[in-house]
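# Curious how this folds, go ahead:
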Amino acid sequence: MERKGYLAAALLLMLFFASVQGCGRDPGRRLALTETETEDPAGTVAPAGTDVVVYVCGYVKEPGVYSLPADARAGDAVKAAGGFLAEADTEYINLAETLADGEKLRIPSKREAAAGSAVSAEADDGLVNINTADAETLETLPGIGPAKAEAILAYREEQGGFTVIEDIMLVPGIKEAAFSRIKDHIKV
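Numbering: from 1, shown residues only. Now for the predicted structure:
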């Protein structure tokens with residue numbers, strides 16, 4: 001009788017250790033990756049070729065952070081976020097614009113766009129003056145999020161402003177790719 005008790009206890013211990021050993025693994029994680037998937041150092045599974053991550057917010061159905069292919073366009077990001085809400089100004093952004101990694105894409109409402117609240121530092125020509133715009137207005141530019149807007153403000157404060165629009169590339173984090181997205185939207 002005592003031997004059966006030891007066997008039962010041993011069996012229970014084996015089952016316990018087997019279940020504990022599997023606890024570190026994500027039960028939803030696939031054991032094998034398909035050809036179209038990669039695994040990053042953090043151990044997450046992502047579709048291969050997803051090398052731009054964008055934050056889509058404002059008047060879209062599902063605001064959030066999305067991983068998209070490198071050649072994705074703004075329209076693809078809006079589609080990934082579930083599409084426009086009925087109140088969205090669907091013509092505010094260029095849906096054919098290519099996306100950059102880390103970009104913030106904010107879709108304003110029709111009322112916001114008409115009232116100019118999203119572009120308060122713009123003049124009649126519709127361009128943002130990079131020498132006078134506040135952080136919120138700078139964030140309305142394609143690919144300019146809070147960090148880059150603050151970097152622009154810091155540069156302006158330290159250097160006294162910009163002489164030509166190309167000078168914005170002197171701001172840390174803004175290089176040719178970012179400049180090409182905003183050059184048609186800014187002025188000095």
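
# what about stretch 162-173, start to end distance?
One end of stretch 162-173 sits 16 Å from the other (CA to CA, to the nearest Å).

# Contacts for that stretch next, please.
130-131, 147-148, 151-152, 155-156, 159, 174-176, 178-179, 182-183, 186-188 (CB atoms under 8 Å, 6 or more residues apart in numbering). No exception for glycine: its C-beta is placed from N, CA and C like everyone else's.

# and Val53, which of the three is it?
strand (DSSP: H, G, I helix; E, B strand; the rest coil).

# Go ahead and confirm it touches Val65.
Yes: with contact defined as CB atoms under 8 Å, Val53 counts as touching Val65 (6.2 Å).

# Do a quick rundown of the strands in the chain.
37-39, 45-47, 50-58, 64-69, 104-107, 128-129, 186-187 (DSSP state E).

# Mean neighbour count, these: which tops it?
Of all these, strand 104-107 carries the top mean neighbour count, a mean of 22, counting by mean count of other CB atoms under 10 Å.

# How is this structure partitioned into domains?
Per the record, the chain has its domains at 48-118, 120-188, by automatic domain parsing.

# quick one: contacts for the residue nearest to Arg156 when sequence neighbours are not counted?
Using CB to CB, 6 or more residues apart in numbering and skipping residues adjacent in sequence, the residue nearest Arg156 is Asn131, 6.6 Å away. By CB under 8 Å, 6+ apart, the contact set of Asn131 is Arg156, Gly161, Phe162, Val188.

# Could you check how far Ala177 is from Glu87?
31 Å (CB to CB, to the nearest Å).

# now Arg156
Distance of Arg156 to Glu87, given as CB to CB: 34 Å.

# So those two - more neighbours on which side?
Shown here are Arg156 and Glu87; by other CB atoms under 10 Å, Arg156 has more neighbours (18 against 13).

# hey, where'd the helices end up in the chain?
2-21, 74-80, 110-115, 135-138, 146-159, 176-182 (DSSP state H).

# Need the residues that contact the fifth one.
Taking contacts as CB under 8 Å, 6+ apart, the residues outside helix 146-159 that touch it are 104, 130-131, 134-136, 138-139, 144, 162, 168, 170-174, 178.
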